[in-house]
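# Sequence isn't available, so here's the structure alone:
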């Protein structure tokens with residue numbers, strides 16, 4: 001179950017989502033509405049497609065999209081492009097993630113790496129593969145191309161930067 005805040009939970013509050021749309025139907029008094037436990041069950045969200053060279057590690061209804069440590073989307077459907085070269089992942093994003101889906105946003109599959117020289121992605125090993133993202137800052141976009149590996153850090157990124 002997803003809740004807004006502890007205060008809202010204790011007070012018995014319910015969060016509402018009203019999508020922006022031009023075709024809003026006016027309802028009458030005493031109209032009943034179904035209460036859903038979250039955005040996934042309500043089947044509400046932002047539909048996005050991400051093209052990738054491979055479907056290895058992706059599962060419909062299982063693979064999540066994460067921004068930092070937060071789940072903001074899930075792969076709903078996988079299909080091949082007509083040319084058969086790339087895989088298309090249809091992803092449903094939480095509507096609150098709309099501000100992250102801009103030109104310049106980058107996606108990649110976070111998978112565990114284990115070798116004599118490198119060990120990374122421990123969280124993916126424990127929790128399963130997931131798609132990570134780095135937010136961009138341009139116009140709204142709903143189609144993206146996944147990177148084959150995580151993007152390199154830029155000078156503006158947070159963290160320790162070392163030059164050897």
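On my side now, so go ahead. From a predicted model like this one, the values you see are computed outputs, not experimental measurements.

# drop to CA atoms for contacts and neighbour counts, all remaining ones
Noted.

# Surely residue 73 touches residue 89?
No - checked against C-alpha atoms under 8 Å, the pair residue 73 and residue 89 is beyond contact range at 11.5 Å.

# pLDDT averaged over the longest strand along the chain - what is it?
For the chain, the strand with the greatest residue count under DSSP state E is strand 70-80. Across strand 70-80, pLDDT averages out at 93.

# The next helix or strand after it: which residues count as buried?
The helix or strand immediately downstream of strand 70-80 is strand 87-93, counting by DSSP states H and E. By 16 or more other C-alpha atoms under 10 Å, the buried positions in strand 87-93 come out as 87, 88, 89, 90, 91, 92, 93.

# in its sheet, what does strand 87-93 sit against?
Sheet pairing for strand 87-93, assigned by DSSP bridges, gives strand 46-52 (antiparallel), strand 70-80 (antiparallel).

# Next, format the ones you listed as a markdown table and append distance to residue 141.
Output for the strands paired with strand 87-93, formatted as a markdown table (distance: least, C-alpha to C-alpha, whole Å):
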| stretch | distance to residue 141 |
| --- | --- |
| strand 46-52 | 8 |
| strand 70-80 | 15 |
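
# For residue 111, find the nearest of those.
Among the strands paired with strand 87-93, the nearest to residue 111 by C-alpha to C-alpha is strand 46-52 (14.4 Å).

# following that closest one, which helix or strand shows up next?
Next along the chain after strand 46-52, taking DSSP H and E as the criterion, comes strand 64-67.

# What about the closest residue in space to residue 103 that isn't next to it in sequence, how many residues nearby?
Excluding its sequence neighbours, the residue lying closest to residue 103 (C-alpha to C-alpha, 6 or more residues apart in numbering) is residue 138, at 4.7 Å. Neighbour count of residue 138, defined by other C-alpha atoms under 10 Å: 13.

# Quick one: residues contacting residue 138.
102, 103, 104 (C-alpha atoms under 8 Å, 6 or more residues apart in numbering).
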